[in-house]
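Trainee: Okay, structure incoming, though there's no sequence with it:
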């Protein structure tokens, strides 16, 4: 083999006309994947469940191979598409008829925030760090946990939020990144502080601190009580 052999690197032993066949194969693969998403009724990746994502990846693998391998015929890929579509229909039907099967396959929504306090064990079971979760909250216009009445982690990884009425917003933990909020093991002044792990608020005296009564975490941040300004 000769290094930097441009003939081999660019097209090897295939004729130049094969490039037009690649165009046709790519169009075929695109239409197959697009048709699946259209028939299944899904409009975006954020709406895909774990099962649906596996189906799409499987279909994408088959569609990817057919685009540029000259020895991969088109009809078997079409059969892969039909088989996956039947599996999808059967599985979704079974999930509707057998809720336990659906919960096992996709998981269940989990309440992560309730009345301004974060359920850390539920968050850990979802394999999501507090920093990642707080990033989701910031993107939805949340400044601190006290603004949130209920926060639910959906099965597709999205976060659904129900906010406190304006007159019931309570002091809570800021969701800003750690470098942008002061954190203490011993607080500098008396006041209301929030646990930086679960968000539980506690009145502390100057020099006070210690473990949170809810999660045993030992770092505190001054609780804030600003109102939420919804995006216009």
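Mentor: Alright, I've got the coordinates. Keep in mind that this is a model prediction, so the values were computed, not measured. Residues are numbered from 1 along each chain as shown.
Trainee: which strands and helices sit next to the helix or strand where residue 161 lies?
Mentor: Following DSSP states H and E, the helix or strand that holds residue 161 is strand 159-163. Applying 3 or more Cβ pairs under 8 Å, 6 or more residues apart in numbering; DSSP states H and E, one finds that strand 159-163 makes contact with helix 130-139, strand 148-153. No exception for glycine: its C-beta is placed from N, CA and C like everyone else's.
Trainee: one more time with 7 Å, if that's ok
Mentor: Other helices and strands packing on strand 159-163, by 3 or more Cβ pairs under 7 Å, 6 or more residues apart in numbering; DSSP states H and E, are strand 148-153.
Trainee: Quick check, central residue of this protein?
Mentor: residue 157 (3.5 Å; Cα atoms, centre = their mean).
Trainee: circling back: mind listing the strands the strand holding residue 161 pairs with, and their directions?
Mentor: strand 148-153 (antiparallel) (DSSP bridges).
Trainee: Show me the contact partners of the partner strand.
Mentor: 109-116, 126, 142, 159-164 (Cβ atoms under 7 Å, 6 or more residues apart in numbering).
Trainee: returning to what we had before: buried sites along the strand holding residue 161?
Mentor: 159, 161, 163 (16 or more other Cβ atoms under 10 Å).
Trainee: Next, format those as JSON lines and append distance to residue 57 and pLDDT.
Mentor: Formatted as JSON lines, the buried residues of strand 159-163 follow (distance: Cβ to Cβ, whole Å; pLDDT from 0 to 100):
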{"residue": "159", "distance to residue 57": "24", "pLDDT": "90"}
{"residue": "161", "distance to residue 57": "29", "pLDDT": "95"}
{"residue": "163", "distance to residue 57": "36", "pLDDT": "95"}
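Trainee: Which member of those residues is positioned nearest residue 6?
Mentor: residue 159 (50.7 Å; Cβ to Cβ).
Trainee: Distance check, the closest residue in space to the closest one that isn't next to it in sequence against residue 175.
Mentor: Take residue 159 and drop its neighbours on the chain: the residue closest to it by Cβ to Cβ, 6 or more residues apart in numbering is residue 136, 4.6 Å away. Counting by Cβ to Cβ, to the nearest Å, the gap between residue 136 and residue 175 amounts to 9 Å.
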